[in-house]
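Trainee: Okay, predicted coordinates and the sequence, questions at the end:
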Amino acid sequence: MASDCIVVLGACIIGLNVALLLAGKGFAKYVTIVAEQFPGDTSVDYCSPWAGANFSAISSSHENALRWDRIG
């Protein structure tokens, strides 16, 4: 690897999932997450604990999206 550090900006749904995927592929020791807020913070500026919503990254009926999700 050309660099010793992979920086993930943001600790919301996308940022944490990217970091988790990188860790699962063996890059955990290279990953650094930089964010203003992290899960567990109680700041009113951090929306995740206060927003009641479900997140789906893919369509459950679009064949290409399902195939892309299967292959990662």
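Mentor: That came through, no problem. Residues are numbered from 1 along each chain as shown.
Trainee: Do a quick rundown of the helices in the chain.
Mentor: 13-22, 63-71 (DSSP state H).
Trainee: and of these, who's closest to residue 45?
Mentor: helix 13-22 (15.9 Å; CB to CB). All C-beta atoms are positioned from the backbone trio N, CA, C, and that covers glycine.
Trainee: And the closest one, what does it pack against?
Mentor: strand 6-9, strand 31-34 (3 or more CB pairs under 8 Å, 6 or more residues apart in numbering; DSSP states H and E).
Trainee: which residues touch the first one?
Mentor: Spelled out, that is strand 6-9. 15, 18-19, 22, 27, 30-35 (CB atoms under 8 Å, 6 or more residues apart in numbering).
Trainee: Kindly recompute the last result at 6 Å.
Mentor: 15, 18-19, 30-34 (CB atoms under 6 Å, 6 or more residues apart in numbering).
Trainee: What distance do you get for residue 66 to residue 59?
Mentor: Here the distance between residue 66 and residue 59 works out to 8 Å (CB to CB, to the nearest Å).
Trainee: Give me the nearest residue to residue 4, chain neighbours excluded.
Mentor: residue 30 (6.4 Å; CB to CB, 6 or more residues apart in numbering).
Trainee: Quick check, pLDDT for that neighbour.
Mentor: Residue 30 is assigned 95 on the pLDDT scale.
Trainee: buried stuff in the least confident helix or strand in the chain by mean pLDDT?
Mentor: Least confident helix or strand, the chain: helix 63-71 with a mean of 81, by mean pLDDT, DSSP states H and E. Neighbour counts over helix 63-71 (16 or more other CB atoms under 10 Å) mark no residue as buried.
Trainee: residues of stretch 15-35 that come out buried?
Mentor: Result for stretch 15-35 [16+ other CB under 10 Å]: buried residues 15-16, 18-19, 31.
Trainee: Name the nearest of the residues you listed relative to residue 4.
Mentor: Using CB to CB, the buried residues of stretch 15-35 come closest to residue 4 at residue 31, 11.0 Å.
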